[in-house]
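Undergrad: Build the 3D model from these lines:
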Amino acid sequence: MLASGQSPTISGRVIDGQTGEPLVYATVALGHKPVGTITNLEGEFDFHVPEGHRDDQLVVSMLGYVDFTISISEALVMSPLLIRLQPGQTILNEVTITGKLSPGEMLRVALKRIEKNYPMEPVEMAAFYRETRQVNDDYVSLLEAAVRIYDKDYRAPKDRTKLRERVALVEVRRTLEYDYELEKYFSQYNLLEDLLLENFVKYRGFSNEEAFYKHLKKKRVPGYNNRPITMLYLQEPGYDLKIYIDEKFAIRKIVFKYGDGQQPLFAFTRRHLQSRAMYVSKELEFQEYKGRLYLKYIAARYHYTWQDMRKDLPVLTTTVEQALLVNELNTDNPQWISNKEKMRHYGLQFQHKAYNKQFWDSYNTIKEMPLNRKVVADLEKYLPLEQQFASFRE
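TA: Take a look at the predicted model:
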């Protein structure tokens, strides 16, 4: 069982070494082991060092940049760190087998090689989940969960809509519920399940239409630690897709943005209210361990406008943001999650447990992402976050 105990903490901020811009979702890990965290929207991180690893190294890495390495002992003394990652070399012109293939052929090869590049044996993952909900310009709720995920393998699913991972809730904390009147604007189902289903690789979520593969383009770009990688891309008004494929024809990262915020992507009606999806963004990245690629993080953002169909007038806008960080892998003795332990299909806000502050003080989360001062101010209008978390008792 993956556990969390009291541990020293390294804090810092990761920025582009040339522009000074914060680097979002940079990996902060224990050596090149599958234990770590990622940076938030401001490039910040807190990394709780597991017991017995003071003699190891801290490695900060990101696609397109050269790795930064420092000893754990030195980092603890210097914390908080300001880490300037240097961009990788700009284009590498060497001839590779991937250069002989069209972008569409490259993606098809990568999809055929999923079972060679991704785990085909069970793995247990410790992960952190965050979900925020926003009405107009105000954040109305925050939910965070520490979970265990049992993943059997990356075989092609028979049903892409059915979750294959088994997930157990370890700890949950959340703010007080938003106004009753707002409930109708948000799904009461388990949104963590929905987010896991957005793993395009595991659930084979790419289009089968020939036109999709025909219109893909490609170019060589800096990859991890100055190694080249191929970026397949498709960019049209309101549609932006990037797929990064390495020399093993493994998909390492996907970034997808859909919608221009002006024209609805799709709509559905609930009684007299019509919800119009205006913008969707998704991002996921994998980490390499023992020759296989495992999920590192997955994030999504959905923005809707609501219309009163009786009066044909706009009502409000809602935004849901989600992020899941895998902060530890267990491939040696993964523990099966029983039906009794497994989380339910209804919303996590109804599955909360008593707030365990000691646990959260040393658990590797995504530091205040997407929380910033405005979000905290919105959520603390009536009561500090810690008091809201602590109000839930078993």
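Undergrad: neighbours around Glu144, how many?
TA: Per other C-beta atoms under 10 Å, the neighbour tally for Glu144 reads 22. Heads up, the C-betas are built off the backbone N, CA and C, glycines and all.
Undergrad: Please name the residues that touch it.
TA: Phe128, Tyr129, Arg130, Glu131, Val172, Arg173, Arg174, Thr365 (C-beta atoms under 8 Å, 6 or more residues apart in numbering).
Undergrad: Mind checking which of the residues you listed land in strands?
TA: Of these, the ones assigned to strands by DSSP state E are Phe128, Tyr129, Arg130, Glu131, Val172, Arg173, Arg174.
Undergrad: so who does the first one touch?
TA: Each residue near Phe128 by C-beta under 8 Å, 6+ apart is listed here: Glu144, Ala145, Ala146, Val147, Leu324, Leu325, Asn327, Tyr363, Asn364, Thr365, Ile366.
Undergrad: list the buried ones in the strand or helix carrying the second one?
TA: Looking back up the chat, that one is Ala145. Using DSSP states H and E, Ala145 sits in strand 138-151. Residues 139-151 are the ones in strand 138-151 that count as buried (16 or more other C-beta atoms under 10 Å).
Undergrad: tell me which of those residues is nearest to Ala299?
TA: Glu144 (14.1 Å; C-beta to C-beta).
Undergrad: Give me the domain ranges for this structure.
TA: 9-85, 97-390 (automatic domain parsing).
Undergrad: Between the two ends of the shortest one, how far is it?
TA: Using C-alpha to C-alpha, to the nearest Å, the end-to-end distance of domain 9-85 comes out at 21 Å.
Undergrad: from the chain's centre, how far out does that domain sit?
TA: 17 Å (C-alpha atoms, centre = their mean, to the nearest Å).
Undergrad: can you give me the mean pLDDT across it?
TA: Averaged over domain 9-85, pLDDT sits at 92.
Undergrad: Report the beta-bridge partner residues of the nearest residue to Ser141 once chain neighbours are set aside.
TA: Leaving aside its sequence neighbours, Ser141 sits nearest to Arg133 (C-beta to C-beta, 6 or more residues apart in numbering; 4.6 Å). Arg133 has these beta-bridge partners by DSSP bridges: Ser141, Val320.
Undergrad: you'd agree Arg133 is up against Thr319?
TA: Yes: Arg133 is in contact with Thr319 according to C-beta atoms under 8 Å; the separation is 7.4 Å.
Undergrad: Quick one: neighbours of Asp378, just the number.
TA: 19.
Undergrad: Tell me where the protein has helices.
TA: Along the chain, counting by DSSP state H, helices occupy 72-78, 103-112, 114-117, 191-196, 210-215, 357-360, 373-379, 385-390.
Undergrad: Export those helices to JSON lines and append columns for distance to Glu283.
TA: Listed next are the helices of the chain as JSON lines, based on distance: least, C-beta to C-beta, whole Å:
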{"stretch": "helix 72-78", "distance to Glu283": "27"}
{"stretch": "helix 103-112", "distance to Glu283": "18"}
{"stretch": "helix 114-117", "distance to Glu283": "19"}
{"stretch": "helix 191-196", "distance to Glu283": "11"}
{"stretch": "helix 210-215", "distance to Glu283": "19"}
{"stretch": "helix 357-360", "distance to Glu283": "25"}
{"stretch": "helix 373-379", "distance to Glu283": "19"}
{"stretch": "helix 385-390", "distance to Glu283": "26"}
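Undergrad: For Lys158, find the nearest of those helices.
TA: Among the helices of the chain, helix 114-117 sits nearest to Lys158 (C-beta to C-beta), with 15.1 Å.
Undergrad: Touching the closest one from outside, list them.
TA: Outside helix 114-117, the residues touching it (C-beta under 8 Å, 6+ apart) are Ala110, Tyr154, Arg155, Ala156, Val201, Arg204, Lys248, Phe249, Ala250, Ile251, Arg292, Leu293.
Undergrad: circling back: show me which of Arg133 and Thr319 is the more surrounded one.
TA: Arg133 (22 against 18).
Undergrad: wait, what's in contact with the more buried one?
TA: For Arg133, the contact set (C-beta under 8 Å, 6+ apart) comprises Tyr139, Val140, Ser141, Tyr178, Phe186, Thr318, Thr319, Val320.
Undergrad: Give me the pLDDT for the first one.
TA: I take that to be Tyr139. 88.
Undergrad: What distance do you get for the closest residue to it other than its chain neighbours to Leu325?
TA: Spatial nearest neighbour of Tyr139, excluding adjacent residues (C-beta to C-beta, 6+ apart): Asp378 at 4.1 Å. Distance from Asp378 to Leu325, counting by C-beta to C-beta, to the nearest Å: 23 Å.
Undergrad: again with His53
TA: For His53, the distance to Leu325 - C-beta to C-beta - is 19 Å.
Undergrad: just for the stretch 251-394 of the chain, where's the confidence low?
TA: 368-372, 394 (pLDDT under 70).
Undergrad: If we use 90, what do you get?
TA: 260-262, 268-272, 310-314, 347-354, 361-362, 366-394 (pLDDT under 90).
Undergrad: in it, which spans are strands?
TA: Ranges of strands in the stretch 251-394 of the chain, per DSSP state E, counting those that start in this stretch, are 251-258, 266-270, 273-289, 292-308, 313-330.
Undergrad: okay, these in CSV with distance to Ile72 next?
TA: Converted to CSV, the strands of the stretch 251-394 of the chain look like this (distance: least, C-beta to C-beta, whole Å):
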stretch, distance to Ile72
strand 251-258, 26
strand 266-270, 48
strand 273-289, 19
strand 292-308, 20
strand 313-330, 16
